[in-house]
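A.B. asks: Sequence and predicted structure below; questions after.
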Amino acid sequence: MMIKKSGAKRSQARKGQRKKQRYSEITDRLMSVLRNSVLHKTIILLLITMSAGLVWQHFSKVEILTIESVQIEGEFNYLSARELKKRAMPYVQGGFFSVDLKSIRKVLIELPWVEDVSIRRQWPDKLTVRVIEKQPVAFWGKDGLLSSRANLFKPEKIKLKINLPQITGPDGQHEFMLKELGRMQAWLAGTELVITKVKQDARRSWTLDLLSAQTSASKFELRLGRENQHERLQRFSAMYKQRLKKQKQKIRHIDMRYTNGFAVAWQNQEA
(Lines give C-alpha, C1' and ligand atoms only; values in the text may rest on other atoms or scores of the structure.)
Protein backbone atom coordinates (compact mmCIF):
# COMPACT_ATOMS: atom_id res chain seq x y z
CA MET A 1 0.00 0.00 0.00
CA MET A 2 2.81 2.42 0.80
CA ILE A 3 4.43 1.80 -2.60
CA LYS A 4 1.27 2.71 -4.49
CA LYS A 5 0.89 6.04 -2.65
CA SER A 6 4.50 6.99 -3.32
CA GLY A 7 4.11 6.31 -7.07
CA ALA A 8 0.94 8.36 -7.26
CA LYS A 9 2.73 11.32 -5.67
CA ARG A 10 5.58 11.12 -8.21
CA SER A 11 3.08 11.02 -11.08
CA GLN A 12 1.29 14.13 -9.82
CA ALA A 13 4.62 15.93 -9.44
CA ARG A 14 5.56 15.15 -13.05
CA LYS A 15 2.20 16.43 -14.25
CA GLY A 16 2.71 19.68 -12.32
CA GLN A 17 6.13 20.16 -13.85
CA ARG A 18 4.74 19.64 -17.37
CA LYS A 19 1.99 22.22 -16.75
CA LYS A 20 4.54 24.77 -15.53
CA GLN A 21 6.66 24.08 -18.58
CA ARG A 22 3.69 24.63 -20.89
CA TYR A 23 2.77 27.90 -19.14
CA SER A 24 6.36 29.07 -19.48
CA GLU A 25 6.42 28.25 -23.21
CA ILE A 26 3.10 30.05 -23.78
CA THR A 27 4.34 33.08 -21.84
CA ASP A 28 7.57 33.18 -23.87
CA ARG A 29 5.62 33.04 -27.11
CA LEU A 30 3.27 35.83 -26.04
CA MET A 31 6.18 38.06 -25.03
CA SER A 32 7.87 37.38 -28.34
CA VAL A 33 4.72 38.36 -30.24
CA LEU A 34 4.35 41.52 -28.17
CA ARG A 35 7.98 42.48 -28.71
CA ASN A 36 7.62 41.96 -32.45
CA SER A 37 4.37 43.99 -32.46
CA VAL A 38 6.03 46.97 -30.73
CA LEU A 39 8.98 46.73 -33.08
CA HIS A 40 6.69 46.62 -36.10
CA LYS A 41 4.76 49.65 -34.88
CA THR A 42 7.98 51.56 -34.26
CA ILE A 43 9.30 50.76 -37.71
CA ILE A 44 6.00 51.75 -39.33
CA LEU A 45 5.94 55.03 -37.39
CA LEU A 46 9.50 55.83 -38.46
CA LEU A 47 8.66 55.10 -42.08
CA ILE A 48 5.59 57.33 -41.96
CA THR A 49 7.59 60.16 -40.38
CA MET A 50 10.36 59.86 -42.96
CA SER A 51 7.85 59.74 -45.80
CA ALA A 52 6.03 62.82 -44.53
CA GLY A 53 9.33 64.67 -44.27
CA LEU A 54 10.31 63.72 -47.80
CA VAL A 55 6.90 64.71 -49.16
CA TRP A 56 7.05 68.12 -47.40
CA GLN A 57 10.62 68.63 -48.59
CA HIS A 58 9.53 67.92 -52.14
CA PHE A 59 6.45 70.15 -52.09
CA SER A 60 8.33 73.01 -50.43
CA LYS A 61 10.64 73.16 -53.45
CA VAL A 62 8.03 73.12 -56.19
CA GLU A 63 5.37 75.67 -57.02
CA ILE A 64 2.12 73.76 -56.75
CA LEU A 65 -1.22 75.08 -55.48
CA THR A 66 -0.46 78.72 -56.25
CA ILE A 67 -1.66 81.25 -53.66
CA GLU A 68 -4.73 82.91 -55.17
CA SER A 69 -5.96 84.98 -52.22
CA VAL A 70 -4.42 87.08 -49.45
CA GLN A 71 -6.74 88.38 -46.72
CA ILE A 72 -5.68 91.14 -44.30
CA GLU A 73 -7.37 91.09 -40.88
CA GLY A 74 -7.25 93.61 -38.03
CA GLU A 75 -8.81 96.74 -36.56
CA PHE A 76 -7.17 99.81 -38.06
CA ASN A 77 -7.25 103.50 -37.21
CA TYR A 78 -3.92 104.49 -38.74
CA LEU A 79 -3.21 101.61 -41.15
CA SER A 80 -4.96 100.63 -44.36
CA ALA A 81 -5.75 97.00 -45.20
CA ARG A 82 -5.41 97.89 -48.87
CA GLU A 83 -1.93 99.38 -48.42
CA LEU A 84 -0.83 96.43 -46.25
CA LYS A 85 -1.91 93.97 -48.95
CA LYS A 86 -0.17 96.02 -51.63
CA ARG A 87 3.06 95.92 -49.62
CA ALA A 88 2.82 92.18 -48.96
CA MET A 89 1.91 90.91 -52.44
CA PRO A 90 5.40 91.16 -54.03
CA TYR A 91 6.59 88.66 -51.42
CA VAL A 92 3.75 86.18 -52.00
CA GLN A 93 5.74 83.91 -54.29
CA GLY A 94 5.77 80.16 -54.78
CA GLY A 95 3.07 77.65 -53.95
CA PHE A 96 0.97 76.84 -50.91
CA PHE A 97 3.82 74.93 -49.27
CA SER A 98 6.78 76.95 -50.52
CA VAL A 99 5.59 80.54 -49.91
CA ASP A 100 8.01 82.35 -47.57
CA LEU A 101 5.88 83.50 -44.62
CA LYS A 102 8.88 85.00 -42.79
CA SER A 103 9.59 87.44 -45.62
CA ILE A 104 5.97 88.57 -45.73
CA ARG A 105 5.92 89.12 -41.96
CA LYS A 106 9.23 91.01 -42.04
CA VAL A 107 8.14 93.50 -44.68
CA LEU A 108 4.98 94.30 -42.70
CA ILE A 109 6.45 94.40 -39.19
CA GLU A 110 8.90 97.09 -40.38
CA LEU A 111 6.04 99.58 -40.82
CA PRO A 112 5.97 102.16 -37.99
CA TRP A 113 2.33 101.60 -37.04
CA VAL A 114 2.52 97.78 -36.99
CA GLU A 115 2.86 96.16 -33.55
CA ASP A 116 2.73 92.49 -34.57
CA VAL A 117 1.94 90.22 -37.55
CA SER A 118 0.83 86.59 -37.74
CA ILE A 119 0.25 84.63 -40.96
CA ARG A 120 -1.45 81.28 -41.53
CA ARG A 121 -2.09 79.12 -44.58
CA GLN A 122 -5.68 78.18 -45.43
CA TRP A 123 -6.15 75.19 -47.72
CA PRO A 124 -5.92 75.12 -50.62
CA ASP A 125 -4.78 78.52 -51.94
CA LYS A 126 -5.20 81.27 -49.34
CA LEU A 127 -3.14 83.25 -46.82
CA THR A 128 -4.68 85.05 -43.85
CA VAL A 129 -2.55 87.88 -42.45
CA ARG A 130 -3.47 89.17 -39.00
CA VAL A 131 -1.99 92.63 -38.23
CA ILE A 132 -2.05 94.28 -34.80
CA GLU A 133 -1.84 98.05 -34.95
CA LYS A 134 0.11 100.07 -32.39
CA GLN A 135 -2.04 101.92 -29.87
CA PRO A 136 -0.45 105.33 -29.15
CA VAL A 137 -0.56 106.45 -25.51
CA ALA A 138 1.88 109.40 -25.47
CA PHE A 139 3.98 111.69 -27.62
CA TRP A 140 7.74 111.40 -27.27
CA GLY A 141 9.82 114.47 -28.05
CA LYS A 142 9.00 116.35 -31.25
CA ASP A 143 8.40 113.53 -33.71
CA GLY A 144 7.90 110.30 -31.77
CA LEU A 145 5.06 108.27 -30.29
CA LEU A 146 4.94 105.63 -27.56
CA SER A 147 2.69 102.61 -27.91
CA SER A 148 0.80 100.82 -25.14
CA ARG A 149 3.72 98.36 -25.02
CA ALA A 150 6.17 101.26 -24.48
CA ASN A 151 7.61 100.90 -27.98
CA LEU A 152 8.98 104.11 -29.47
CA PHE A 153 8.13 104.69 -33.13
CA LYS A 154 8.29 107.63 -35.51
CA PRO A 155 5.71 107.67 -38.30
CA GLU A 156 6.20 110.07 -41.21
CA LYS A 157 3.06 112.03 -40.37
CA ILE A 158 1.43 112.26 -36.95
CA LYS A 159 -2.26 113.13 -37.17
CA LEU A 160 -4.14 111.97 -34.09
CA LYS A 161 -7.72 112.73 -33.19
CA ILE A 162 -7.11 112.15 -29.49
CA ASN A 163 -5.20 114.19 -26.91
CA LEU A 164 -2.14 112.42 -25.54
CA PRO A 165 0.36 113.48 -22.87
CA GLN A 166 3.70 114.80 -24.07
CA ILE A 167 6.86 113.19 -22.68
CA THR A 168 10.30 114.73 -23.15
CA GLY A 169 13.50 113.27 -21.78
CA PRO A 170 16.98 111.88 -22.46
CA ASP A 171 17.40 109.27 -25.18
CA GLY A 172 16.62 105.74 -24.06
CA GLN A 173 14.46 106.86 -21.12
CA HIS A 174 11.09 106.56 -22.89
CA GLU A 175 10.02 103.26 -21.33
CA PHE A 176 10.95 104.34 -17.80
CA MET A 177 9.30 107.75 -18.17
CA LEU A 178 6.08 106.23 -19.51
CA LYS A 179 5.88 104.01 -16.42
CA GLU A 180 6.57 107.04 -14.22
CA LEU A 181 3.78 108.93 -15.94
CA GLY A 182 1.35 106.18 -14.93
CA ARG A 183 2.61 106.17 -11.33
CA MET A 184 2.47 109.96 -11.03
CA GLN A 185 -1.04 110.13 -12.43
CA ALA A 186 -2.08 107.57 -9.80
CA TRP A 187 -0.66 109.82 -7.04
CA LEU A 188 -2.93 112.61 -8.31
CA ALA A 189 -6.09 110.54 -7.84
CA GLY A 190 -8.76 112.69 -6.20
CA THR A 191 -7.30 116.01 -7.35
CA GLU A 192 -9.12 116.04 -10.75
CA LEU A 193 -5.76 117.07 -12.25
CA VAL A 194 -4.44 115.46 -15.42
CA ILE A 195 -0.79 115.36 -16.49
CA THR A 196 -0.48 116.83 -19.97
CA LYS A 197 3.34 117.09 -20.11
CA VAL A 198 6.22 115.31 -18.40
CA LYS A 199 9.74 116.63 -18.77
CA GLN A 200 13.06 115.34 -17.49
CA ASP A 201 16.01 117.58 -18.31
CA ALA A 202 19.68 116.68 -18.67
CA ARG A 203 20.13 117.01 -14.89
CA ARG A 204 17.28 114.46 -14.35
CA SER A 205 15.04 117.15 -12.88
CA TRP A 206 11.28 116.48 -13.30
CA THR A 207 8.62 119.01 -14.29
CA LEU A 208 4.91 118.34 -14.90
CA ASP A 209 2.25 120.37 -16.69
CA LEU A 210 -1.11 119.84 -14.99
CA LEU A 211 -4.59 120.55 -16.33
CA SER A 212 -7.87 120.58 -14.45
CA ALA A 213 -10.30 118.01 -15.84
CA GLN A 214 -13.17 120.22 -14.68
CA THR A 215 -11.92 123.53 -16.07
CA SER A 216 -9.67 123.33 -19.13
CA ALA A 217 -8.56 126.93 -18.57
CA SER A 218 -6.93 125.93 -15.28
CA LYS A 219 -3.43 124.71 -15.99
CA PHE A 220 -0.11 125.23 -14.28
CA GLU A 221 3.41 123.82 -13.93
CA LEU A 222 4.57 121.59 -11.06
CA ARG A 223 8.31 121.42 -10.34
CA LEU A 224 9.47 118.26 -8.55
CA GLY A 225 13.25 118.39 -8.98
CA ARG A 226 15.69 115.49 -9.09
CA GLU A 227 15.00 113.68 -5.83
CA ASN A 228 12.04 112.21 -3.96
CA GLN A 229 9.61 112.90 -6.80
CA HIS A 230 6.94 110.51 -5.49
CA GLU A 231 7.14 111.89 -1.96
CA ARG A 232 6.90 115.48 -3.21
CA LEU A 233 4.02 114.61 -5.52
CA GLN A 234 2.16 112.92 -2.66
CA ARG A 235 2.71 116.00 -0.48
CA PHE A 236 1.49 118.24 -3.31
CA SER A 237 -1.64 116.12 -3.81
CA ALA A 238 -2.64 116.40 -0.15
CA MET A 239 -1.87 120.11 -0.03
CA TYR A 240 -3.73 120.84 -3.28
CA LYS A 241 -6.94 119.14 -2.11
CA GLN A 242 -6.84 120.95 1.23
CA ARG A 243 -5.76 124.45 0.27
CA LEU A 244 -5.21 125.25 -3.39
CA LYS A 245 -8.00 123.57 -5.32
CA LYS A 246 -10.30 126.57 -5.01
CA GLN A 247 -7.55 128.88 -6.30
CA LYS A 248 -6.39 126.69 -9.20
CA GLN A 249 -7.22 129.29 -11.87
CA LYS A 250 -4.83 131.76 -10.24
CA ILE A 251 -1.80 129.43 -10.10
CA ARG A 252 1.07 129.83 -12.57
CA HIS A 253 3.46 127.27 -11.12
CA ILE A 254 4.18 125.42 -7.88
CA ASP A 255 7.69 124.55 -6.74
CA MET A 256 7.98 121.49 -4.47
CA ARG A 257 11.79 121.53 -4.28
CA TYR A 258 11.81 122.45 -0.59
CA THR A 259 12.44 120.19 2.38
CA ASN A 260 9.46 121.24 4.48
CA GLY A 261 7.40 123.47 2.22
CA PHE A 262 6.59 124.72 -1.26
CA ALA A 263 6.37 127.94 -3.26
CA VAL A 264 3.45 129.16 -5.36
CA ALA A 265 3.72 131.65 -8.21
CA TRP A 266 0.41 133.33 -9.07
CA GLN A 267 -0.80 134.39 -12.50
CA ASN A 268 -0.82 138.11 -11.63
CA GLN A 269 2.70 138.05 -10.19
CA GLU A 270 5.64 139.39 -12.14
CA ALA A 271 8.38 136.96 -13.10
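C.D. replies: Thanks, I have the structure now. All values reported here derive from a predicted model rather than from experimental measurement.
A.B. asks: Am I right that Arg257 is in a strand?
C.D. replies: No. Counting by DSSP: H, G, I helix; E, B strand; the rest coil, Arg257 falls outside a strand, being coil.
A.B. asks: Next one: it from Leu233, what distance?
C.D. replies: Distance, Arg257 to Leu233, by C-beta to C-beta, to the nearest Å: 12 Å. (Glycine included, C-beta is placed from N, CA and C.)
A.B. asks: Touching both of those two, which residues are there?
C.D. replies: Leu224 (C-beta atoms under 8 Å, 6 or more residues apart in numbering).
A.B. asks: More neighbours: which of those two?
C.D. replies: Per other C-beta atoms under 10 Å, whichever of Arg257 and Leu233 has more neighbours is Leu233, with 20 against 15.
A.B. asks: could you say which helix or strand contains the more buried one?
C.D. replies: helix 229-239 (DSSP states H and E).
A.B. asks: Which other helices and strands does that helix contact?
C.D. replies: Applying 3 or more C-beta pairs under 8 Å, 6 or more residues apart in numbering; DSSP states H and E, we find helix 229-239 packed against helix 174-187, strand 219-225.
A.B. asks: Next, the angle strand 219-225 makes with the first one.
C.D. replies: Relative orientation of helix 174-187 and strand 219-225, computed by axes from the mean of the first three to the mean of the last three C-alpha atoms, to 10 degrees: 110 degrees.
A.B. asks: Return the set of buried residues in helix 174-187.
C.D. replies: Neighbour-count burial for helix 174-187, counted by 16 or more other C-beta atoms under 10 Å, picks out 174, 177-178, 180-181, 184-185, 187.
A.B. asks: Identify, from the residues you listed, the entry nearest to Leu193.
C.D. replies: Top of the list for closeness to Leu193, among the buried residues of helix 174-187 and by C-beta to C-beta, is Gln185 at 8.9 Å.
A.B. asks: ok, now which ones touch that closest one?
C.D. replies: Counting by C-beta under 8 Å, 6+ apart, Gln185 has contacts 194-195.
A.B. asks: Show me what the host helix or strand of Ala265 is packed against.
C.D. replies: For Ala265, the host element (DSSP H and E) is strand 263-266. Counting contacts by 3+ C-beta pairs under 8 Å, 6+ apart, strand 263-266 packs against strand 251-255.
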